[in-house]
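1. quick one, structure for this:
(3 chains)
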Amino acid sequence: MSERSAPKTSPGNFFEDFRLGLEIRHATPRTLTTGDVALYNGLFGARFAVQSSDAFARAIGYPRAPLDDLLVFHMVFGKTVPDISLNAVANLGYADCRFLKAVYPGDTLHSVSEVIGLKENSNRKTGIVYVRSRGFDQDGAAVLDYVRWVMVRKRAEASPAPDEKVPELPKSVDVAKLGAACPPIRPAAYDTVLSGSSHRFGDYKTGERIDHLDGITVEEAEHQIATRLYQNTARIHFNQFAESKGRFGRRLIYGGHAISLARALTFNGLGNAFHVAAINGGRHVAPLFAGCTVFAWSEVLASAELPGRKDVGALRLRTVATKDRGCADFPFKTGDEYDPAVILDLDYWVLLPR
Amino acid sequence: MSERSAPKTSPGNFFEDFRLGLEIRHATPRTLTTGDVALYNGLFGARFAVQSSDAFARAIGYPRAPLDDLLVFHMVFGKTVPDISLNAVANLGYADCRFLKAVYPGDTLHSVSEVIGLKENSNRKTGIVYVRSRGFDQDGAAVLDYVRWVMVRKRAEASPAPDEKVPELPKSVDVAKLGAACPPIRPAAYDTVLSGSSHRFGDYKTGERIDHLDGITVEEAEHQIATRLYQNTARIHFNQFAESKGRFGRRLIYGGHAISLARALTFNGLGNAFHVAAINGGRHVAPLFAGCTVFAWSEVLASAELPGRKDVGALRLRTVATKDRGCADFPFKTGDEYDPAVILDLDYWVLLPR
Amino acid sequence: MSERSAPKTSPGNFFEDFRLGLEIRHATPRTLTTGDVALYNGLFGARFAVQSSDAFARAIGYPRAPLDDLLVFHMVFGKTVPDISLNAVANLGYADCRFLKAVYPGDTLHSVSEVIGLKENSNRKTGIVYVRSRGFDQDGAAVLDYVRWVMVRKRAEASPAPDEKVPELPKSVDVAKLGAACPPIRPAAYDTVLSGSSHRFGDYKTGERIDHLDGITVEEAEHQIATRLYQNTARIHFNQFAESKGRFGRRLIYGGHAISLARALTFNGLGNAFHVAAINGGRHVAPLFAGCTVFAWSEVLASAELPGRKDVGALRLRTVATKDRGCADFPFKTGDEYDPAVILDLDYWVLLPR
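-> Take a look at the predicted model:
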């Protein structure tokens, strides 16, 4: 791939460089540590007790506190960037994202992607690349599996278009596939005073909406530190010199940063939603910049028991994040148009103790 | 409590929600790690050898380097915020704060508070809540015990006033109560070259004043990362959108940040004051904002031997921190009025090797 | 030393305080942890696989992932600042810097310096101090050895000049001295897909120049956190109140920050240059400030086999870093004058697998 690029450096892949079925093993493997956890906590202020406390995690059945699911997601995702999205115009969506195994400090992750779809855009300047990416630990066990699609620049407008293939993707991860990364837990040992919320799985109803109340302002140093921590190399997040002449005139914040902020905000209202089991779909509706304050609200889209499990239940949530606008009135869409303050529309499954 | 709040989210407690004797077990338990230590070091530049070096700590009798005392304080304090001070107008003071047990990486802390005093203000809009908060480790051993009082908003002006009780608090922690968190040390093994100061307990005299010389400028990202690390959720520190219309027009820095900055600055002049044994009282005299540069000076208020201990001695210090003003002339008070540059007036006990 | 200074605080040493042969054991010993690694990664986005992954490091022969060489350098260097360069006008250069032993999380480092040269400047206000500094681990084994020279203010213009001695320093570290900190590795087990570059030692040619393409914008919070992490106390990096009236009107970024940024940028083009074995010389050509974007390019100055080793080879590199200017045309010097965008000119040896 990239045979026209400079011999030693990588300018990233262009649309022409991808072909259906291509498998890419990504650099750089990464050992995750309690240091990464501390930095993640400092950047997002996560408060879910299972991830915060070894003692709490052990009491319910984990060997120790697992890593935050989204930290795992960002690490696996970050590794795919140099090969998949260095020349991306936009990160269009996620689907079929499943957390498959709990990850603990000391585990080493690497990522592999397969090209599962290609579609040139009618302007012939860009095309959409669909990849299924997987994260594996040091033993080769899959910890994460997801599809994303990105709009990638072509190297040359004249390059011939590949055969078009748009993969069929599930609108939502099937309930039977949830929970692989959550060991059997003892719900009776789950202390809802220490966890900060008295509401268990059964206390949430489909259609229920929750304004998460709090807001977090993002600083340039914060999103840069987070995104570098994941070894995500997308240039638009780090290079003000280039971006000052770019589309926005400034650095764009990694979309995953907004997801982590939204997840942290949901603690106030969903304090026992201790595990993100799957992401059904996600859309970065508008860009986020430093100096903005992020708010969020959630709606319970569905509630489901997990086949064969009495310990935990699953809620399908839509979490909507906004910038510089509170969520007391649940801003979302007017017709097909998102409220101008909305930056993120995330559809995902969480697990709560029963 | 808070039965009028939204069903799932917590708007925090108002003055009416507190009653004398109420005990609150706080969320979220937190395992402290070397990751937290690294971040704390990066944010404050602590240089006390005992906390910096496992080898130094072992040489004098610790099993390994203990966590910085103030990091423990902030972690225990942070947990109390969602229940005690989310609707606080002001954090008025601390008293009788004692460090009871050394905390090491891997320990898990949680916090419990008891309401020990209540006093409605004459404006009927706010009241003062006195709480005794304690931090416990995973074995249930107390590691920290302190009283603080905060001015909390009432939900409704018409709510009846509770019976008034203002607890009697010691002006200073008794010398006999100091040192529980400091194991017996070998003063002869305490290397004053490696520690960065040749001055031991006996070298300081009551009345001695020390300008700590250095200044540290605070950035928004720094205090936000620190305060989130402690899982302190006070909104005024994080939400520029709301604060732009608030009292100061900007985010207020967590008072504890100023305490940690001041403590770090005191290294230059008090390099062997390796352990904060107690805080007698503290007052956040004026707010601190990002962009300000913090300076500090200290006065030795008293010097005391610890009953039964020949290894360490205690100094009672007043450390005064200022913003955007050096401390060569020891700025403090004119009559009852603090110098306008003063932001912190802290009265505490430290231990030094004899 | 510093007998005129205030009794308890240290204003740092002035030129008169140094004498030839003086040996200074520096405070504060420091245990390095995976927390420091995480913060370093978050600040610089390092991607070299050996330092990133325990699994990768073990596969080739390390017991686990070693610490980034420059993190070790900054930690050892930071300790020397309070004694050597607190009153420095400028950090003039480095020479003969050799990494002697791999450092792992849990190791405790301290630093010792010897004054090896002194030369008063003709203005009689400053003088140049040459020191050889060494970092040692908890077992007393040397991990780093380097010379630097700094221009230090005199306390008084009238002070007599010392005997002048300018040490002879090697222009380049001898190849026979490289590699002590790199255990024997198994080049066949070095996975160049996971490492992110297919280019091994033999693929680089003397005279080859590489533009590293990417740029990183620096924020005040970032360089302050990094520099405090190293316990580097140089005031010019932290005190905006003082610097607003100083030479630049703002905080100067620690020169080592630019070195780490440049090293991180070189990954794109030198992805298998996994170990910095030695620094031959380095010059901070111009100051770096927050808000600037750093770019870098490198030239292969020489290529050398290591005596007795078939596993790795050494490249001597010049890496030039610029601010707010890309490096596609390799900006460097016109005659003796550096391009105004150049901030760093670093000459060093790296090891790559054969």
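2. touching, A:G106 and A:R30? I think so.
-> No: assessed by Cβ atoms under 8 Å, A:G106 is found out of contact with A:R30, at 11.7 Å. C-beta here means a position set from N, CA and C on the backbone, and glycine is covered the same way.
3. which element follows the longest helix belonging to chain A toward the C-terminus?
-> With DSSP state H setting the assignment, residue counts place helix A:69-84 as the longest helix in chain A. Past helix A:69-84, further along toward the C-terminus, the next helix or strand under DSSP states H and E is strand A:88-99.
4. run the chain-centre distance for the helix or strand just after that following strand.
-> Following strand A:88-99 in sequence order, the next helix or strand is strand A:108-120 (DSSP H and E). Averaging C-alpha positions (Cα atoms, centre = their mean, to the nearest Å) puts strand A:108-120 15 Å from its chain's average.
5. list the buried residues of strand A:108-120.
-> By neighbour count on 16 or more other Cβ atoms under 10 Å in any protein chain shown, the buried set for strand A:108-120 is A:T108, A:L109, A:H110, A:S111, A:V112, A:S113, A:V115, A:I116, A:G117, A:L118, A:K119, A:E120.
6. which of A:G106 and A:R30 has more neighbours?
-> A:R30 (29 against 14; other Cβ atoms under 10 Å in any protein chain shown).
7. ok, the closest residue to that one other than its chain neighbours - how many residues close by?
-> Taking Cβ to Cβ, 6 or more residues apart in numbering or on different chains as the measure, A:R30 lies nearest to C:S52, with 5.2 Å between them; neighbours along the chain are not counted. Neighbouring residues of C:S52 were enumerated by other Cβ under 10 Å; the total is 26.
8. same question, A:K205
-> Neighbourhood size, A:K205 [other Cβ under 10 Å]: 9.
9. give the buried residues for the lowest-mean-pLDDT helix or strand in chain A.
-> With mean pLDDT, DSSP states H and E as the measure, the helix or strand of chain A carrying the lowest mean pLDDT is strand A:88-99 (a mean of 93). For strand A:88-99, burial by neighbour count (16+ other Cβ under 10 Å) applies to A:A88, A:N91, A:L92, A:G93, A:Y94, A:A95, A:D96, A:C97, A:R98, A:F99.
10. residues of the stretch 201-350 of chain A that sit close to chain C?
-> A:219-221, A:224-229, A:231, A:233, A:235, A:238-242, A:251 (Cβ under 8 Å from any Cβ of the partner chain).
11. please pick the buried ones from the residues you listed.
-> When neighbours are counted using 16+ other Cβ under 10 Å, these contain these buried positions: A:219-221, A:224-229, A:231, A:233, A:235, A:238-242, A:251.
12. also near chain B: which of these, exactly?
-> Of the entries in these, the ones placed beside chain B under the rule of Cβ under 8 Å from any Cβ are A:E219, A:E220, A:A221, A:I225.
13. which SSE is the last one in?
-> If you go by DSSP H and E, A:I225 is part of helix A:220-229.
14. and the angle from that helix to helix A:69-84?
-> What separates the directions of helix A:220-229 and helix A:69-84 is an angle of 70 degrees, with axes from the mean of the first three to the mean of the last three Cα atoms, to 10 degrees.
15. give me the element the residue located most distally from the centre of chain A is part of.
-> Among the C-alpha atoms of chain A, the one most distant from their mean position (Cα atoms, centre = their mean) is that of A:A158, at 34.5 Å. A:A158 is located outside every helix and strand, with elements delineated by DSSP H and E.
16. quick one: the strands in the stretch 201-350 of chain A?
-> Counting by DSSP state E, counting those that start in this stretch, the segments of the stretch 201-350 of chain A that form strands are A:209-211, A:216-217, A:275-284, A:293-305, A:312-323, A:333-334, A:337-338, A:342-353.
17. okay if I get these as CSV plus mean pLDDT and mean neighbour count?
-> As requested, the strands of the stretch 201-350 of chain A are arranged in CSV below (pLDDT from 0 to 100; neighbours: other Cβ atoms under 10 Å in any protein chain shown):
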stretch, mean pLDDT, mean neighbour count
strand A:209-211, 97, 19
strand A:216-217, 98, 25
strand A:275-284, 97, 24
strand A:293-305, 98, 21
strand A:312-323, 98, 24
strand A:333-334, 96, 10
strand A:337-338, 98, 14
strand A:342-353, 98, 24
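18. which one of the ones you listed lies nearest to A:M151?
-> Distances from A:M151 to each of the strands of the stretch 201-350 of chain A were compared using Cβ to Cβ; the shortest belongs to strand A:275-284, at 12.0 Å.
19. the closest one pairs with which strands?
-> Strand pairing for strand A:275-284, using DSSP bridges, gives strand A:88-99 (antiparallel), strand A:342-353 (antiparallel).
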